[in-house]
Each structure stands twice: as C-alpha cells, then as structure tokens.
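Novice: generate a structure from the sequence data that follows.
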Amino acid sequence: MDIYKQKYNFKLFLIFCAAGIVVLSIWYTNNLAGKIAYEERKKAELLASAYKQLNQADENTDISFLFEVIKNNESLSVILTDEDENIITWRNFDSTRVASNPDYLKDELKRMIESGDPIQIEISPGMYNYIYYKDSFILIQLRYFPYIQLGTIALFLLISYIAFSNTRKAEQNKVWVGMAKETAHQLGTPISSLMAWVEYLKSLPESDPNMYNEISKDVERLELISERFSKIGSKPAFKEVHLSSGIENMVQYFTNRTSEHVKIIFNKENAYEGNLKLMPTLFDWVLENLIKNAIDAMEGKGTIEISSGEEDNMVWIEIKDSGKGLPRSKFKTIFEPGFSTKKRGWGLGLSLSKRIVEEYHKGKIYVKSSILGEGTTFRIKLKKN
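Specialist: Residues are numbered from 1 along each chain as shown. Predicted coordinates:
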C-alpha cells in the first residue's frame, strides 16, 4: 500500500472516530437533558397539586407546607392562568422586565403555549386553571452544551492544524531549497569537466562536427538544469517572454529527441500571442515536466496537443495527451511529492511544477480532465501582465 493510500485511510479513520465522538456526545447530553426535563415536569405537576390543594383548603387546613412547596421552586419559570388564559400569578421571571413591560408575561405565555402542553388543575367541578412552564436555564444550557463544546474543540483543532501545516510547509520549503541548491552545486563540477571534453573534441581534426554539436547541446541542457535548481528559493527574476515562441521552442526541442511515434502539436490557431512576465528558466521546466509526463503516459506512442488562450484577464495553457489517463481520485495527489505512476523517478516533477506555477508565478496548475484509456489534460492559468 503506497503512502498516499495509507494517508487517505488514516484520514478516513479519524473522520469516523470524530463522527462517533460527536454522535455519542450529543446522544448522551440529549439523554441527560431528557431526564432533567422529566424531573422538571414532575416538579411542575407538584406545583399544580400544591396550587389545587391551596385553592381547596379551608380554615382548618395547614397550608404552610403548600406555601413551602411553591416557595422552594427557584428554577422553574411558571405561569398560572384561568381557562381564558388570563394570568393569575407567576414565578421565577425577571421582575424588572415584568414591571417595565406590560406585555412581557403575555409574550412568555404565548411561547409556553406553543412549546408544550400545560398541566390542568381542577379548581371545582367544571372549572379549571392551568400551569404553563418553560425549560429551566440549566436545561437550556445543557441542550446547547455539546454543540458549544464540539464547536470550541473543532475551532481549536482547526487553528492547531493550520499552525502545524504552516510550520511543516516552512520546514519542507527549507528542505526543498537546500536539496535544490546542493544538487546544483554537485552538478557544477561534472558539467565543467564535460565542457572541457567538448572543447577537446572540437580540437581533434577527425571529430565529427555533428557529434560534438549534439553533445554541446546536451551539456548546455545540463547547465540549464543546474541553473533551474540554483534558482529554487532565490528571489524571483521575471522577464517579458513571448509565450507562443517559448512553447514552440519547447515543442521543437522534444520533437528532435522523441520517438517518431510521438507527435507533439502546438495549436497556433487562437493561441495567446502576447507577452507574460515569467521566470523563463523555471517556467520552461514546468512545460518540460508536463510534456515528459505526457510522453511517459502514452508509453512512447500517441499525440500531445498544446494550446493556449485567454479568458477573464487570465492566460491559460493546456497540454493534452492520448495516454492511459488518471482516476479522479488522483487529480490532487499527483502533485504531491513522491507520487509517481512510474517505476523509475522520484515523483518530484509535478510537485516542483506546482510550486513554480503557484508560489513563484501566483498562478494555478491542475488536471482539467482525464478519461481512463483516452488521456489527460493539464491546464496552467497565469495572470496577464
């Protein structure tokens, strides 16, 4: 199992665990709230019984206990009404608001009527009073508690994840820059040696000019690769580049070095013919990586079509191949370091391309479309000057 499959499975496991914790927390809290609501209903029924007995008491009845029951209710907000919903008495409401707003109790009663059934008190045959009550403040808090708690935890985890990701990204950037510059440094010595050997070949009378000219081109290519690595992490140096000319040069370079079974076509019709501010050395690297990946995907036989255009103040470049295609699940992971569908290679080409386009040129590179067995289309989007 590759590292990205393991990473996906681990994320899936964490999501299921988090969902389980959320469901369990909400279920337990709601269960506890239900028990408290039941106890509050019983308390309201006890109050109803006290009011009923108080109403039916005569001068010989000891009503001190009934008053004690009513007095000890300090958490449950209740309103006692007659059959016509006229308020007789109330308890545990904000007395300041009751005094300042004549409609306050009426509004509270209306909400109570809408929210639940009242408790009926038979005052005398055919005559009834009703007790309305609402959930205590503690019960209301308890109902919302899991959502507040989980929201707070989620916010903490999100902030922690962002901080961790930024730290990891900064560390990765340092590693990238260090590796790139070290690679450029290591390439310097053998390239210098090769350049010296090319000059020596040129001095030999029996040397074939075509041979050392081709070797010179390949040495120049190695110099270009070394320069690319040396520019990773350096301050961007942009130049005005004619986009179509740059694409044509890249097409010509690969056409001369690729099998005759591979056709590389640049669709000049409707192509963008303006200039763009680019880092030529690095941006050519992006095009090179995409074309090389396309050739590998076609396994040495097929057609690569390159096109460009503009829309909404953006310039786009598309590279379409007739290769084996990609599943949709790989559209994003293909740009991650180490991902590769080939047995050889480090899987860094597309990752570097993404960094060059998005971090240096502030553009976008992505898989526009892909059909298994038919091919893949990559798109680059850049801002116009």
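
Novice: now do the longest helix seen in the chain, average pLDDT.
Specialist: Using DSSP state H, we find that the single longest helix of the chain is helix 137-203. Helix 137-203 carries an average pLDDT of 82.

Novice: for the helix or strand just after it, which residues meet the burial criterion?
Specialist: Downstream of helix 137-203, the first helix or strand assigned by DSSP states H and E is helix 209-231. Within helix 209-231, the residues that count as buried by 16 or more other Cβ atoms under 10 Å are Y212, I215, S216, V219, E223, I225, S226, R228, F229, S230, K231. (Glycine included, C-beta is placed from N, CA and C.)

Novice: give the closest residue to the fifth one in space, chain neighbours not counted.
Specialist: Same thing as E223. Computed as Cβ to Cβ, 6 or more residues apart in numbering, the closest residue to E223 that is not its neighbour in sequence is I191, at 5.8 Å.

Novice: quick check: the one you found vs I356, distance?
Specialist: I191 sits 22 Å away from I356, going by Cβ to Cβ, to the nearest Å.

Novice: of those two, which one has the most company?
Specialist: Applying other Cβ atoms under 10 Å to I191 and I356 shows that I356 carries more neighbours, namely 24 against 17.

Novice: these two touch, right, the residue nearest to E223 and V219?
Specialist: Yes - if you go by Cβ atoms under 8 Å, I191 and V219 touch, sitting 6.6 Å apart.

Novice: give me the low-pLDDT residue ranges for the protein?
Specialist: Along the chain, segments meeting pLDDT under 70 span 1-4, 56-63, 65-67, 233-234, 236, 338-347, 385.

Novice: care to break it down by domain?
Specialist: For the chain, automatic domain parsing gives the domain ranges 3-135, 141-212, 236-383.

Novice: looking at those domains, which is buried most?
Specialist: The highest average neighbour count among those, using mean count of other Cβ atoms under 10 Å, belongs to domain 236-383 at a mean of 17.

Novice: who touches the closest residue in space to V78 that isn't next to it in sequence in this structure?
Specialist: Nearest non-adjacent residue to V78, counting by Cβ to Cβ, 6+ apart: Y133, 4.5 Å away. Applying Cβ atoms under 8 Å, 6 or more residues apart in numbering, one finds that Y133 lies in contact with E40, A44, L76, S77, V78, I79, M112, I119.

Novice: in strands only, show me those.
Specialist: Using DSSP state E, the subset of those located in strands is S77, V78, I79, I119.

Novice: can I get those residues in a markdown table with distance to Q6?
Specialist: Below are the ones in strands among the contacts of Y133 laid out as a markdown table (distance: Cβ to Cβ, whole Å):
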| residue | distance to Q6 |
| --- | --- |
| S77 | 55 |
| V78 | 59 |
| I79 | 61 |
| I119 | 60 |
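
Novice: so which of those residues comes closest to N166?
Specialist: Taking Cβ to Cβ as the measure, N166 sits nearest to S77 out of the ones in strands among the contacts of Y133, at 49.0 Å.

Novice: you'd agree that closest one is up against D94?
Specialist: No - look at S77 against D94 with Cβ under 8 Å: they stay out of range, at 9.5 Å.

Novice: distance of the residue nearest to I232 when sequence neighbours are not counted relative to D103?
Specialist: Leaving aside its chain neighbours, I232 sits nearest to A180 (3.6 Å; criterion: Cβ to Cβ, 6+ apart). A180 sits at a distance of 73 Å from D103 (criterion: Cβ to Cβ).

Novice: sorry, back to before: dump the one helix or strand the residue nearest to V78 maps to to PDB, keeping only the CA atoms.
Specialist: Using DSSP H and E, Y133 sits in strand 127-134. Below are the C-alpha coordinates for strand 127-134, written out as PDB (Å, rounded to 0.1, in the frame of the first residue of the first chain):
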ATOM      1  CA  MET A 127     -63.700  25.000  36.500                       C
ATOM      2  CA  TYR A 128     -60.000  24.700  35.600                       C
ATOM      3  CA  ASN A 129     -56.800  26.600  36.000                       C
ATOM      4  CA  TYR A 130     -53.600  25.800  34.000                       C
ATOM      5  CA  ILE A 131     -49.900  25.800  34.800                       C
ATOM      6  CA  TYR A 132     -47.600  26.700  32.000                       C
ATOM      7  CA  TYR A 133     -43.800  26.300  32.400                       C
ATOM      8  CA  LYS A 134     -40.700  26.500  30.300                       C
END
